[in-house]
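Engineer: Quick check, what structure comes out for this input:
(chains A, B, C and D)
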There are 4 protein chains.
Amino acid sequence: MIIIMKGSASLREKTAVISWVEEHDCKANIFEGVEHMVIGVIGDGRPLNREQARMMSGVERVVPVLKPFKVASREFKPTNTQFPLGDCIVGGDDFVIMAGPCSVESRSQILETAHAVKEAGAHILRGGAFKPRSSPYSFQGLGEEGLQYLKEASEQTGMPVVTEVMEPALVPLVTQYADILQIGARNMQNYALLHAVGRSQHPVLLKRGMSSLIEEWLMCAEYILSHGNTRVMLCERGIRTFEKYTRNTFDINAIAVAKHLSHLPVIADPSHATGKWEYVASASRASVAAGADGVIIEVHPKPDEAWSDGRQSLKPERFAKLVTQMRAIAESVDRRIPEVSPKPDPILLPA
Amino acid sequence: MIIIMKGSASLREKTAVISWVEEHDCKANIFEGVEHMVIGVIGDGRPLNREQARMMSGVERVVPVLKPFKVASREFKPTNTQFPLGDCIVGGDDFVIMAGPCSVESRSQILETAHAVKEAGAHILRGGAFKPRSSPYSFQGLGEEGLQYLKEASEQTGMPVVTEVMEPALVPLVTQYADILQIGARNMQNYALLHAVGRSQHPVLLKRGMSSLIEEWLMCAEYILSHGNTRVMLCERGIRTFEKYTRNTFDINAIAVAKHLSHLPVIADPSHATGKWEYVASASRASVAAGADGVIIEVHPKPDEAWSDGRQSLKPERFAKLVTQMRAIAESVDRRIPEVSPKPDPILLPA
Amino acid sequence: MIIIMKGSASLREKTAVISWVEEHDCKANIFEGVEHMVIGVIGDGRPLNREQARMMSGVERVVPVLKPFKVASREFKPTNTQFPLGDCIVGGDDFVIMAGPCSVESRSQILETAHAVKEAGAHILRGGAFKPRSSPYSFQGLGEEGLQYLKEASEQTGMPVVTEVMEPALVPLVTQYADILQIGARNMQNYALLHAVGRSQHPVLLKRGMSSLIEEWLMCAEYILSHGNTRVMLCERGIRTFEKYTRNTFDINAIAVAKHLSHLPVIADPSHATGKWEYVASASRASVAAGADGVIIEVHPKPDEAWSDGRQSLKPERFAKLVTQMRAIAESVDRRIPEVSPKPDPILLPA
Amino acid sequence: MIIIMKGSASLREKTAVISWVEEHDCKANIFEGVEHMVIGVIGDGRPLNREQARMMSGVERVVPVLKPFKVASREFKPTNTQFPLGDCIVGGDDFVIMAGPCSVESRSQILETAHAVKEAGAHILRGGAFKPRSSPYSFQGLGEEGLQYLKEASEQTGMPVVTEVMEPALVPLVTQYADILQIGARNMQNYALLHAVGRSQHPVLLKRGMSSLIEEWLMCAEYILSHGNTRVMLCERGIRTFEKYTRNTFDINAIAVAKHLSHLPVIADPSHATGKWEYVASASRASVAAGADGVIIEVHPKPDEAWSDGRQSLKPERFAKLVTQMRAIAESVDRRIPEVSPKPDPILLPA
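Structural biologist: Next up is the predicted model:
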């Protein structure tokens, strides 16, 4: 922590700050500039102290030196965090593809979609059973029934399932059915929920809040990691800006930055990052080229009949074509999209 | 709902959209423009339909006509929602002042602050017992102990207490001690929590999310209102923008807009909206002049020793001076800041 | 300037930075923290140096200590800049009111408006002769003809005129007719234009760019001041954010911040800051209470026939009522809105 | 244009709007919804009318149907605009690479850089002779001397030159030396300048303003196109958001959107879009994959001695490596980066 005193600070104010630093078992390194005195604090920089320093009389600014996250940082763990997810090792050379509908709408819908995305090359099945909706009057998801259908689709296809959990009380239920817990953008700073998924020890996909700084996103990962749950994936899904032609602004820079600051895998969500299916392919291709460790894409057999987010869902045929494009780009940047393993069970689609 | 077809839409596509409208028991009013066909849908505009419409082949844009919130809207209830809070009728001519520290830090701190803000003219005591913190390593609040101190301060001063509740499971505990439940900005779209405070029937102070549209904020109020809990106050606390000199950008327009769109009272939070104590007074004065129904202000007896948000806390003396300024402005815009009633109990400050 | 070295910086890298500092005739104050070495540079902090420092091997961050603007800063000139404008001393206790139509549309329109706003209490007449328009197909202003009408309106009413100048080549023409040169938000960083109005020595109203930092705005004032033209007024007119219900987000905080950082007067533009006439009154009242030195408000005798910005223009009757409200608030914060002096000439309105 | 009347609109108000529509030689298509009357206007939708409509009594909202830009739109010209630039056909299958220093600093610096980027595979030389700087005290460019050095570098290498022009009066001078005129982000809405470069008939690289909507950017292209100058390239260079880790937020979506809405070529500027050299490579790769028609990248032989923007400049070796990576990705998406033709002249580097 560095404390920059005001040009007008009195000797008394300067002395008070120096004494305060020393009272907290830190050392004060002083240097007098042309206009300002600057005090370098040597010791541990707990945030609490920083706020107190800012408040002291005669202080102009306080500059933190240490990053606020620890376990999530590259300094703490220089090598990439890697762990197996279905047919992939996420965080390594593999580029992982998660796909499926926004919402689970029916048994047949999710089974049909699951088989379609698997055939197209997806490794993980996504689908929402509990849906965060802006309106209390909108469809809120099938709940446990949806989880059961997801589980069945997972058993038929061999794909692990990622699904959103929206409140701490439901973590035990969701972990019964799902392989990966998703924290949605609206809940990124729902700390009770972060503690709950941290304790669960399940892999977590942590979406960035729609107006969260990259640093805040990593702090939320830190909440989960602080429970010893190391299987955390960061998910960039677009941020809110003044531009309204697309639903969100895809912060493609955040992929490289998050991988620079942290050892955690970074997944891109081109569906939410654009909000319009016609731009999902270009955003997905860009994600591979930018260095993401995977994508999560909304696919629906009949987007114009989807109960939510149909506007940004791809049809299975378009998704299959996109996987081919992503595979070509992945190879050109020395990544690989693993081939999916054969289905574990015969397909048992409803008549 | 109005559906604007693409210039290039085929007759088949146009017919399909018209049929789809009519299948949903709505009437399609068609008019052919120079370049585009436009279809006006007469009937109820459920959001589900709107998304489906957007997805149909040949559709360029869908324009909603009805607002997405109902019970929160002025159309639904043209007169201001008013209800008593301590010595005030919030939502009427009274301008209500809520004040207190960011966090409850100790019994003596909250008792001292409570008496100080009451003497200065505050009507409601604020103080955090459960604190949302960016870092898992920061002070997280005193929890139930903090609630007990708040209750004691309330009993000594006669002021109702407003405090934040962060998770559904804690709503029963917090309602035991507090008079008003605060939903923090990070939790504005924590729907499980909104349902829980809605069911509680306690008055609620709903902070606007840091990047929430005014419309989304009103939709979250709708979640609470949908449980028949009508005592909801909206709280504008600044939004996140590119400007970084202040902690947030105080969206002063939002006060007048929210009061125009909704019948609910609107409270301003100049402490978070500026993030620096030296700008709290000007923002508070502006709030009165802009038509807010009250303010919530952070006051701390020793801001430079505060455990959180000291940077934006006023000392009691400055706060007292500010109340005088706000009173003068309130009178100039035909509002009144009610005088506080005598303390119900003798002051029993700790030695 | 403070240079924070990376934790991983080598001795060679540290030495190189220290040598580089000393080669530039500065002194390097070094202190070694737990993880990082920090170097305090004593000497002048030219921006060029700062960029070079950032690029040096082993450097993590560079923290400027001095503000980038000089002549515009309160440190440079602690007392408010004050100068006479018509019946007011702007920058002192007076609160100045500028009003008029967005565009000059005809002789009779500007004469009628000028008399109406003067009667209502305005001190300065605004009106656009050259209009910046998003579309090349929109009305671009009456040009010199508009300036002539403004001049006539000024002579009839005794009010000085403020009008926008959009390109350096037109500064001589505009200064022939207008008393105050307005730099529009889109041109805030049009440096050739800033130099031209600086050289003109005319008073300048400098609008903040729609996405400009307060610091950048003051830097643009510095461009004008650097020509010895000290009669510069800053104008906060709303910034662009994600919120779209209003045309812009009125950054009310910017008023107090700009007055804190600079000695220049600050004028608020509630018309552009809201974009809807129904919110102009609350934003104007808030401006007075927040400490602005004046307002500039769009008034049109028939807003629904205005050629531009009618949506945010007040009718003269509403404007007159607003002046009364602002006067009451001004008094409650120890400011005064000077009464306008009698008209210098008999009214000669066209039949 | 569609006019949505308020639910509370009176018959008189409705009739007035309908009459107004018909008086302007348009046809009014009326349909009565459950709560609102909606009026569809058939005829030409000049912006002026739209504003007037918004102001009429009883009108709630006005929804434009036609896009505000014409000549820039895909509807106007469905096929891609293509034109030759050096060894490339921009806007077709070729992916064009522009590279060079932020500022021209000396004859030797620009000659050395020009040869280096040409050897690495660049097609166009960039370099600033007139620099827009936030501070009046910063280096403002070498001016005409810089243009002369650029011309010499162009003659030695055979590369066309792109350079910024900042004011209308300098367009004749800059066109004497440069092949492509760049309009900087700060000047995107400097309409006098847009008119001047439009009249020049030189190819133009139009940077998006840092907070400009895609639609506004296309409107500025329309200003240039309206002079019959069809060789306009759009340049996405990042937008300003709340995220501060990178200098700007690269709006990668804007590439696909601009190409969807317009026939003009789109160039990405990864240097400004990230502001840090370590993220330029990932942003450049993403640009190719997202469908851009080219990139413009800052390269400096000694970034840590650059007079401006060294922080985001690549060294020639890194740039050469990046060209190889971009070429691999380009091929995987069926684009080609043309090989550069042999140097027209022997290299005559200064001793």
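Engineer: going forward, measure contacts and count neighbours with C-alpha atoms only.
Structural biologist: Will do.
Engineer: any idea how far the residue nearest to A:Met1 when sequence neighbours are not counted is from chain B?
Structural biologist: Of all residues not flanking A:Met1 in the chain, A:Pro64 sits nearest, at 4.5 Å (Cα to Cα, 6 or more residues apart in numbering or on different chains). Distance, A:Pro64 to chain B, by Cα to the nearest Cα, to the nearest Å: 14 Å.
Engineer: Likewise for A:Thr241?
Structural biologist: Separation of A:Thr241 from chain B (Cα to the nearest Cα): 9 Å.
Engineer: just checking, the residue nearest to A:Met1 touches A:Val41?
Structural biologist: No. Contact between A:Pro64 and A:Val41 fails when scored by Cα atoms under 8 Å: they sit 9.8 Å apart.
Engineer: what bits of the stretch 251-351 of chain A have low per-residue confidence?
Structural biologist: Screening the stretch 251-351 of chain A residue by residue with the criterion pLDDT under 70, one finds the ranges A:343-351.
Engineer: one more time with 90
Structural biologist: Across the stretch 251-351 of chain A, residues meeting the criterion (pLDDT under 90) sit at A:302-312, A:341-351.
Engineer: is stretch A:92-102 anywhere near chain B?
Structural biologist: No. With Cα under 8 Å from any Cα of the partner chain as the criterion, chain B is not reached by stretch A:92-102; the gap is at least 12.8 Å.
Engineer: Tell me which stretches of the stretch 101-250 of chain A form helices.
Structural biologist: According to DSSP state H, counting those that start in this stretch, the stretch 101-250 of chain A carries its helices in the segments A:107-120, A:144-157, A:171-177, A:191-200, A:214-225.
Engineer: Kindly report the same for the stretch 251-351 of chain A.
Structural biologist: So, for the stretch 251-351 of chain A - with DSSP H, counting those that start in this stretch - the helices run A:253-261, A:270-274, A:280-290, A:316-332.
Engineer: pLDDT value on A:Ser57, please?
Structural biologist: A:Ser57 is assigned a predicted lDDT (pLDDT) of 81.
Engineer: what's the answer for A:Ile30, then?
Structural biologist: Note for A:Ile30: predicted pLDDT of 82.
Engineer: before we move on, back to that, of the helices of the stretch 251-351 of chain A, which is nearest chain C?
Structural biologist: Each of those was checked against chain C via Cα to the nearest Cα, and the shortest separation belongs to helix A:253-261, namely 12.5 Å.
Engineer: got the buried residues for that closest one?
Structural biologist: Residues of helix A:253-261 classed as buried by neighbour count (16 or more other Cα atoms under 10 Å in any protein chain shown): A:Asn253, A:Ala254, A:Ile255, A:Ala256, A:Val257, A:Ala258, A:Lys259, A:Leu261.
Engineer: name the helices or strands packed onto it?
Structural biologist: If contacts are counted by 3 or more Cα pairs under 8 Å, 6 or more residues apart in numbering or on different chains; DSSP states H and E, helix A:253-261 sits against strand A:266-268, helix A:280-290, helix D:277-290.
Engineer: cutoff 10 Å now
Structural biologist: Packed against helix A:253-261 by the contact rule (3 or more Cα pairs under 10 Å, 6 or more residues apart in numbering or on different chains; DSSP states H and E) you find helix A:214-225, strand A:232-236, strand A:266-268, helix A:280-290, helix D:270-274, helix D:277-290.
Engineer: As JSON lines, these with distance to B:Val323 and mean neighbour count would be great.
Structural biologist: Shown next, in JSON lines, are the helices and strands packed on helix A:253-261 (distance: least, Cα to Cα, whole Å; neighbours: other Cα atoms under 10 Å in any protein chain shown):
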{"stretch": "helix A:214-225", "distance to B:Val323": "35", "mean neighbour count": "24"}
{"stretch": "strand A:232-236", "distance to B:Val323": "45", "mean neighbour count": "28"}
{"stretch": "strand A:266-268", "distance to B:Val323": "50", "mean neighbour count": "29"}
{"stretch": "helix A:280-290", "distance to B:Val323": "53", "mean neighbour count": "28"}
{"stretch": "helix D:270-274", "distance to B:Val323": "46", "mean neighbour count": "28"}
{"stretch": "helix D:277-290", "distance to B:Val323": "50", "mean neighbour count": "27"}
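Engineer: Of all these, which one is nearest chain B?
Structural biologist: Nearest to chain B among the helices and strands packed on helix A:253-261 is helix A:214-225; the distance by Cα to the nearest Cα comes to 5.6 Å.
Engineer: hmm, the closest one in reach of chain C?
Structural biologist: No. Contact of helix A:214-225 with chain C (Cα under 10 Å from any Cα of the partner chain) is absent, the minimum separation being 15.7 Å.
Engineer: what would the helices of the stretch 101-250 of chain A look like in a markdown table with mean pLDDT and distance to chain D?
Structural biologist: As requested, these are arranged in a markdown table below (pLDDT from 0 to 100; distance: least, Cα to the nearest Cα, whole Å):
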| stretch | mean pLDDT | distance to chain D |
| --- | --- | --- |
| helix A:107-120 | 97 | 19 |
| helix A:144-157 | 97 | 30 |
| helix A:171-177 | 97 | 31 |
| helix A:191-200 | 97 | 22 |
| helix A:214-225 | 96 | 7 |
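Engineer: So for chain B, which of these sits nearest?
Structural biologist: Ranking the helices of the stretch 101-250 of chain A by proximity to chain B (Cα to the nearest Cα) places helix A:214-225 first, at 5.6 Å.
Engineer: CA atoms only for the closest one, dumped as PDB, please.
Structural biologist: What follows is the C-alpha trace of helix A:214-225 in PDB, where atoms were taken according to Å, rounded to 0.1, in the frame of the first residue of the first chain:
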ATOM      1  CA  ILE A 214     -12.500  -8.800 -14.100                       C
ATOM      2  CA  GLU A 215     -11.000  -8.300 -10.700                       C
ATOM      3  CA  GLU A 216     -14.400  -8.700  -9.000                       C
ATOM      4  CA  TRP A 217     -15.100 -11.800 -11.000                       C
ATOM      5  CA  LEU A 218     -11.800 -13.300  -9.700                       C
ATOM      6  CA  MET A 219     -12.700 -12.300  -6.200                       C
ATOM      7  CA  CYS A 220     -15.900 -14.300  -6.500                       C
ATOM      8  CA  ALA A 221     -13.900 -17.300  -7.700                       C
ATOM      9  CA  GLU A 222     -11.800 -16.800  -4.600                       C
ATOM     10  CA  TYR A 223     -14.900 -17.200  -2.500                       C
ATOM     11  CA  ILE A 224     -15.400 -20.700  -4.000                       C
ATOM     12  CA  LEU A 225     -11.700 -21.600  -3.900                       C
END
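Engineer: Thank you, goodbye.
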